[in-house]
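[1] fold the stuff below for me.
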Amino acid sequence: MTQTRDGTARPRHGATARVPVDEPAQPDRIRRPSDAIRFAASVVALAAVMLLVSIAQQTTHGLQTDIAEGTAHAPRLLLTLATLVSSFGVLAVPIAFAIERLFHKDGTRVAIALLAAVIAFGITVGLDDLVVRAAPGGVLDSLIWGGTETAPVHTDIAPVIAFVSAVGMAGRARWQAATWTMIGLAALTGLTASYASVAALAATYCLGRAIGHGTLYAVGTPNPRPTGTAVVASLERLGLRPKRGARLDEPADDTEDGRRYGVVLAPCPPGARIPAGRGVHGDWDLEVRVLDRDQQTAGLVYRIWRLLRLRATTTGRTLRSLRRSLEQESLMAYAVDATGARTPRLAGTCEVGTEAALLAYEHVPGRRLGDVPGEEVTDELLTDIWRQFRSMQAGRLAHRRLQDGALLIGEDGLAYITDLRAGETAAGDLALRLDLAQLLTTLALRAGPERAVRTAAEVLGEEVLGGAVPLLQRVALSRATRQALRRDRELLTRIREQIVRLKPEVEAAPARLERFRPRTIFSVVALSIAAYIVIPQVTSLDVGYLAATASWHWVVAALGAAALSYVAAALMLMGFVPERLPLRRTVLVQVAASFVKLVAPAAVGGVAVNTRYLQRSGVRPTLAVASVGASQLVGMVTHILLLVLFGFLTGSTTKATQDLAPSRTIVIAVLVLGLLAGLTLTVPRVRRVVTSRLKSMFSGVVPRLVDVLQSPKKLFTGMGGTLLLTLAFVLCLDASIRSFGGSLPWTTVVLVFLTANAVGSAAPTPGGLGAVEGALTLALTISGLTAETATSAVLLYRLFTLWLPVLPGWGAFAYLQRKEAL
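    You can find the predicted model right below:
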């Protein structure tokens with residue numbers, strides 16, 4: 001075999017001219033995960049530079065001054081020569097490389113790189129000429145450090161960096177050295193001429209890289225993957241004679257799992273090496289798995305997250321090169337075969353050009369475990385799977401992906417271990433026990449916990465099986481298995497119970513596999529956002545004026561009404577849950593929800609917290625969602641009915657709130673929106689989406705309401721809590737108004753609260769910030785209060801219902817997390 005310039009393989013003289021391969025046409029361009037990752041990394045680096053020049057201007061300015069003083073002593077001739085060379089070379093070298101690529105018929109890549117350069121040039125010119133003039137004194141001005149002669153980014157080299165990033169110079173060391181030398185000289189001359197600062201050059205580099213990789217990912221890079229014909233033809237380098245081939249996997253599945261081809265071999269000449277099992281494994285002789293270089297970074301963000309979250313011995317290698325991946329899977333294939341475990345035999349490996357490699361396995365016809373009907377998953381099959389697993393464990397081999405797709409059930413009814421790419425040789429005890437926990441869960445999903453544990457104990461023994469109990473955690477399992485467990489959230493508990501029945505003295509406490517938990521990050525982020533939102537709001541209050549003018553007995557009454565609202569919310573939830581809930585803990589959950597709603601819209605945060613609380617209290621997930629949905633639905637209906645009722649009562653008893661009635665313009669706008677919504681719902685696809693969303697939101701709500709209606713006590717508690725919640729907020733608002741000498745008819749206060757609460761629930765801001773304050777202030781002013789009284793009353797009301805509960809809410813949230821109630 002010889003290599004063409006595009007990296008594909010072609011047969012030597014006298015070899016098979018062309019092997020027919022049945023596969024769909026490959027796309028001309030692909031989006032590589034590595035480009036997206038590099039784009040994100042460049043954007044983060046650019047943000048870090050901008051943050052640095054914002055908070056450390058003196059330090060960076062001192063660095064710039066030291067560089068300027070140092071270059072002032074450099075020989076003038078040397079600086080002049082560097083300026084001349086860089087001025088010419090910074091463009092000449094990339095242009096020469098582009099011409100060289102055009103001769104090699106790589107014009108598409110050059111065109112994409114030119115597009116990136118044009119975009120970079122336009123952005124840098126805009127930053128230099130427009131943005132800085134429009135916003136002096138900002139972050140971009142900090143890049144200049146007060147000098148009108150310098151620029152926030154280097155206009156000359158930013159397009160070149162974008163071009164180099166997009167055109168791709170990997171594997172061409174001389175071109176890389178020449179290009180980056182010219183860019184470095186141009187940056188140096190920019191420093192000596194005070195055209196750009198150090199921070200500006202750092203920002204230029206990050207911006208150029210971000211534009212280059214971003215353009216490459218958006219447009220797509222020319223597809224470098226070898227075709228199926230080239231892959232199959234490469235088998236001749238292994239001494240094999242392919243006759244025909246076909247793609248086995250769907251192109252839509254072309255992810256980190258790799259492409260797979262089935263290959264039929266031609267009759268071998270006398271004396272040639274004949275693969276074992278030839279002609280007994282169905283239509284195909286070989287199954288070829290292709291490793292594409294661009295797919296080595298697929299799923300990298302998820303793997304990095306797992307690496308950071310879990311302890312080092314829990315995860316495998318995060319990133320491997322193409323060569324390393326080829327060697328790792330080959331070593332595992334040979335090692336598994338050496339232990340006596342049943343696995344497709346590896347016939348050979350080789351590279352396919354510079355962008356891919358292949359592993360040729362002998363084809364074993366059969367089905368993946370996930371495709372085997374339930375009645376065919378017999379105890380004999382489960383026992384055979386455990387025997388293969390025992391052989392791997394004896395050889396200290398960790399598979400790390402023992403899920404449905406890794407277990408092949410042959411036509412002979414025997415189990416084969418496949419998908420060895422994530423495996424590990426000479427594995428430690430923890431990795432082996434994690435494999436055991438994974439396989440237990442996989443088989444329990446197919447055959448049930450009792451059969452999975454019983455067959456495992458027969459093969460492995462109760463002592464070995466007991467070592468998996470502390471590791472039966474969702475975080476220890478593969479992503480596909482965790483998704484499957486969503487359909488049966490109690491499966492892991494039932495597996496533990498089965499093992500404990502066999503060996504009661506086994507240690508059942510979960511092992512600590514995580515460095516931190518996601519909820520810890522959520523708590524830190526939520527507290528930070530809450531502090532960012534609350535502190536400016538609280539500091540804007542004129543506490544002295546409020547303290548001097550407020551009537552303190554009404555202030556205490558407002559505080560008491562605000563506290564009453566948490567008891568009402570707890571009763572409302574308890575009334576729509578047939579199961580028994582403790583009042584004290586349910587009230588504490590509502591206090592915790594007051595903290596969560598500061599980082600989520602008002603109508604979302606409470607729903608999520610209550611649903612989680614019910615699940616932790618033993619209510620099944622579907623019933624928990626239905627219960628919270630029932631309480632929300634009844635609350636919404638009650639809110640609408642009260643709004644209509646008190647709107648009528650207010651309008652018939654006073655003229656002060658006539659302006660609250662919707663104007664003709666609002667009515668017309670509502671009708672137009674309704675008409676547009678109706679027309680939109682005539683589109684079948686939109687109607688299906690809306691219907692599915694509503695079904696998922698309110699499925700089970702009606703049966704849950706029926707359960708509540710059968711218990712008069714529960715119905716009274718739920719409806720009473722709903723009305724008490726509204727009453728508590730109305731009392732708090734009325735007391736806040738009276739605290740500053742104001743007074744309104746009680747029906748008007750109710751109408752004002754209901755209107756503002758509806759606006760706050762619809763607003764996407766956390767806790768309805770801005771929307772509630774604006775609606776309350778406007779409504780109270782229209783109702784007859786002075787602007788000063790209305791503003792003071794609203795601030796006091798929001799202090800008690802939103803800002804003051806933040807710290808107790810955070811404490812309640814942390815306490816409930818420790819008690820695993822959330």
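[2] first to last residue in stretch 464-482, what's the distance?
    23 Å (Cα to Cα, to the nearest Å).
[3] stretch 613-632 now?
    End-to-end span of stretch 613-632 (Cα to Cα): 15 Å.
[4] pull out the buried positions in that stretch.
    Across stretch 613-632, burial judged by 16 or more other Cβ atoms under 10 Å covers 613-615, 617, 619, 623-632. C-betas here are computed from N, CA, C, even on glycine.
[5] list the contacts of Phe729.
    Ala561, Ser565, Phe753, Asn757, Thr801 (Cβ atoms under 8 Å, 6 or more residues apart in numbering).
[6] check the fourth one and give its pLDDT.
    pLDDT recorded at Asn757 is 78.
[7] report how many residues lie close to it.
    Counted with other Cβ atoms under 10 Å, residues neighbouring Asn757 total 21.
[8] looking at Gly277 now. What's its pLDDT?
    Looking at Gly277, its pLDDT is 44.
[9] repeat for the one 4 residues further on
    With respect to pLDDT, His281 has a value of 41.
[10] over to the one 5 residues further on?
    Leu286 carries a pLDDT value of 95.
[11] check Phe740 too.
    Looking at Phe740, its pLDDT is 86.
[12] which residues does Leu785 contact?
    Ile737, Gly742, Leu744, Ala793.
[13] and the two most separated of the buried residues of stretch 613-632?
    Ser617 and Gln632 (18.0 Å; Cβ to Cβ).
[14] middle-most residue in the chain, spatially?
    Using Cα atoms, centre = their mean, the residue of the chain that lies closest to the mean C-alpha position is Tyr302, 8.1 Å off.
[15] secondary structure element for that one?
    helix 300-309 (DSSP states H and E).
[16] buried ones in that helix?
    So helix 300-309, judged by 16+ other Cβ under 10 Å, has buried residues Leu300, Arg303, Arg306, Leu307, Arg309.
[17] before we move on, back to that, tabulate the contacts of Leu785 (CSV), appending neighbour count, secondary structure and distance to Gly353.
    Shown next, in CSV, are the contacts of Leu785 (neighbours: other Cβ atoms under 10 Å; DSSP: H, G, I helix; E, B strand; the rest coil; distance: Cβ to Cβ, whole Å):
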residue, neighbour count, secondary structure, distance to Gly353
Ile737, 26, helix, 78
Gly742, 19, coil, 81
Leu744, 23, coil, 80
Ala793, 27, helix, 75
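[18] what is the nearest of the buried residues of helix 300-309 to Glu375?
    Among the buried residues of helix 300-309, Arg306 lies closest to Glu375 (Cβ to Cβ), at 36.1 Å.
[19] now that closest one: how far from Leu477?
    11 Å (Cβ to Cβ, to the nearest Å).
[20] quick one: Asp283 is in a helix?
    No - applying DSSP: H, G, I helix; E, B strand; the rest coil, one finds Asp283 to be coil, outside a helix.
[21] circling back to that earlier point, so what does the helix holding Tyr302 touch, helix or strand wise?
    helix 33-55 (3 or more Cβ pairs under 8 Å, 6 or more residues apart in numbering; DSSP states H and E).
[22] buried set for the helix it packs on?
    Taking 16+ other Cβ under 10 Å as the criterion, helix 33-55 shows 33-39, 42-43, 45-46, 49-50, 52-53 as buried.
[23] stretch 415-426 now?
    Result for stretch 415-426 [16+ other Cβ under 10 Å]: buried residues Ala415, Tyr416, Ile417, Thr418, Asp419, Leu420, Arg421, Ala422, Gly423, Glu424.
[24] kindly report the same for stretch 744-752.
    Quick answer for stretch 744-752 (16+ other Cβ under 10 Å): Leu744, Pro745, Thr747, Thr748, Val749, Val750, Leu751, Val752.
[25] ditto for stretch 715-725
    Buried residues in stretch 715-725, defined by neighbour count with 16+ other Cβ under 10 Å: Leu715, Thr717, Gly718, Met719, Gly721, Thr722, Leu723, Leu724, Leu725.
[26] thanks a lot, catch you later.
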